[in-house]
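# Let me see the structure of the following:
(one chain, ligands or ions: 2)
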Amino acid sequence: MQKILLKNNQREIKETIKLAASKSESNRALIINALSGGNGDLQNLASARDTQTMIRLLKSEDAVADVLDAGTTMRFLTAYFSVTNQTKTMTGTPRMCERPIGILVDALRTIGVEIEYVNKEGYPPLNIKGFGTQKSDEISIRGDVSSQFISAMLMIGPLLPNGLVINLTGEIGSIPYIQMTIRQMEAFGVEVTEDWDNKKLSVKPQTYKTTAYQIESDWSGASYWYSVVALAQDPNTVIDLLGLKENSLQGDSAIVAIMEQLGVKSTFNATGVVLTKIPAESHISWDFTNCPDLAQTVAVVVAALDIKSSFTGLESLKIKETDRVLALQNELKKIGSDLIEVEAKVRYEVQRVAPRDLSAVPIIDTYDDHRMAMAFAPLVMQQDVIIEEPGVVAKSYPSFWEDMSKIVEIENLD
Ligand SMILES: O=C(O)C1=C[C@@H](OP(=O)(O)O)[C@@H](O)[C@H](O)C1
Ligand SMILES: C=C(OP(=O)(O)O)C(=O)O
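Ligands and ions are numbered 1, 2, ... in the order given. Below you'll find the predicted structure:
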């Protein structure tokens, strides 16, 4: 098993980080560009494995499309291959085959796509068999499992001969990701009618226009640099993050407001955002429904700073790269904390359960989850830490360790 040791030191940190590009924006731009004819100039596409997998599979003529562990790639390509009438088997890692997709399959079947499960009902692998005539122009989709099903259906909507009306039912999670999809569709010349009061999204038949599109840096990836500043001992720590915008399409820009409470000030300029230290508050309440990917970042920071916390909106964490609630519970214990479910299925608190020993070297398991590795790495601002299987970061932020090595020493323990 591969592992690395991150060594705590008291070096002054004044660093500029050129952040990785957003895989969410990249994967939407790639699908929409392909649906527009494939000739748009997509600038700053992510080096993330999820995006590289998308690029590879869009070009491939193989009958099997293996998305590895990329959720958006699985969900968006399933809709894309359906509407472009390509016969494909969609598969992925064992974990991907445990992540639900039945809601998307039902929606595709409703509009007339012939699609079958290879093994277990509701989960990949899938066989996409073809799309003849459009059977229905109206679908209902539950909003509380994954917004990626809604984004996938929205993006193919303009290609459908009769367009598509999507009725969202129940609680809707990750809404900013749905809005990101709509804004990117608009950037490619397509209009979507949004009626959030009645939970109805409508797309008329339209043609995507070939467009030059610039991808923003990744706010989810930025969150780990916020953690570094929050946990740094030196009050003069400064990290300059390049390529981020104050008015972002990405809901994870909520990290600005969260970290303002946890001791990090954000100052935007023409090239990005500068992070500096300010006093932290003693308590934070946050609902992660709209920014689930930030939960691990924030859980580790509040544990490390002993800030009282109350978290809601963690439901979708259980069906991501790993069961992130369980993974957090296991690994936070290694620094004397725990994520306690204080109200069943609703509210959690990070609580101290044992004294913290800063001379110990916690060994953090990463559960095939890039965000476990990156969320726990900033602990190095307080103590030495070992990260197992550090290569997991490649899913969204392949240069993460290279960037970290600008501020701390990293030793390979193979
Ligand atoms: O659409 C997207 O790009 C994403 C949506 C979110 O998933 P859910 O909608 O499943 O919460 C998020 O967790 C994921 O990392 C990326
Ligand atoms: C959940 C994530 O990605 P996906 O669902 O696209 O695999 C993530 O990047 O944290």
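# May I have the beta-bridge partners of the residue nearest to Leu413 when sequence neighbours are not counted?
Nearest residue to Leu413, sequence neighbours excluded (CB to CB, 6 or more residues apart in numbering): Lys3, at 4.7 Å. C-betas here are computed from N, CA, C, even on glycine. On the basis of DSSP bridges, Lys3 is bridged to Glu388.
# Next, count neighbours for Lys3.
Residues within reach of Lys3, counting by other CB atoms under 10 Å, total 17.
# pLDDT at it, what is it?
Reported pLDDT at Lys3 in the predicted model: 98.
# List the residues that contact it.
For Lys3, the contact set (CB atoms under 8 Å, 6 or more residues apart in numbering) comprises 363, 386-390, 413-414.
# switch the cut-off to 6 Å
Lys3 makes contact with 386, 388, 413, according to CB atoms under 6 Å, 6 or more residues apart in numbering.
# Alongside ligand 1, which residues does this protein contribute?
Applying CB under 6 Å from any ligand atom, one finds that the chain approaches ligand 1 through 24, 72, 146-148, 151, 173-174, 177, 292-293, 316.
# Closest one to Gly132 out of these, please.
Using CB to CB, Ser151 is the member of the residues of the chain next to ligand 1 that lies nearest Gly132, at 24.4 Å.
# Do I have it right that that closest one meets Thr181?
Yes: counting by CB atoms under 6 Å, Ser151 touches Thr181, with 4.1 Å between them.
# just to revisit the earlier point, ok, and which of the residues of the chain next to ligand 1 reach ligand 2?
The residues of the residues of the chain next to ligand 1 that also fall near ligand 2, by CB under 6 Å from any ligand atom, are 72, 293.
# By neighbour count, which of the residues of the chain next to ligand 1 wins?
Ser24 (31 neighbours).
# Keeping just the C-alphas, turn the helix or strand harbouring it into PDB.
Assigned by DSSP states H and E, Ser24 belongs to helix 23-35. Output in PDB follows, covering the C-alpha atoms of helix 23-35 (Å, rounded to 0.1, in the frame of the first residue of the first chain):
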ATOM      1  CA  LYS A  23     -14.300  19.000 -13.300                       C
ATOM      2  CA  SER A  24     -18.000  19.800 -12.900                       C
ATOM      3  CA  GLU A  25     -17.800  22.700 -15.300                       C
ATOM      4  CA  SER A  26     -15.500  20.800 -17.600                       C
ATOM      5  CA  ASN A  27     -17.800  17.700 -17.900                       C
ATOM      6  CA  ARG A  28     -20.800  19.800 -18.700                       C
ATOM      7  CA  ALA A  29     -18.900  21.800 -21.300                       C
ATOM      8  CA  LEU A  30     -17.700  18.600 -22.900                       C
ATOM      9  CA  ILE A  31     -21.200  17.100 -23.200                       C
ATOM     10  CA  ILE A  32     -22.800  20.300 -24.400                       C
ATOM     11  CA  ASN A  33     -19.900  20.900 -26.900                       C
ATOM     12  CA  ALA A  34     -20.300  17.400 -28.200                       C
ATOM     13  CA  LEU A  35     -24.100  17.900 -28.600                       C
END
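# Can you tell me what sits against that helix?
Contact with helix 23-35 is made by 40, 42, 45-46, 48, 50-51, 54, 58, 72, 76, 80, 155, 181, 184, 188, 208, 213, 215, 396, as judged by CB under 6 Å, 6+ apart.
# Just the buried residues out of the contacts of Lys3, in ChimeraX syntax.
Selection of buried members from the contacts of Lys3 for ChimeraX, criterion 16 or more other CB atoms under 10 Å:
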select :386,388
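# what's the closest of the contacts of Lys3 to ligand 2?
Glu388 (18.2 Å; CB to the nearest ligand atom).
# Near ligand 2, which residues of the stretch 1-150 of the chain are found?
Going by CB under 6 Å from any ligand atom, the residues of the stretch 1-150 of the chain near ligand 2 are 70-72.
# ugh, wrong one, the stretch 201-350 of the chain
Proximity of the stretch 201-350 of the chain to ligand 2, by CB under 6 Å from any ligand atom, involves residues 293, 320-321.
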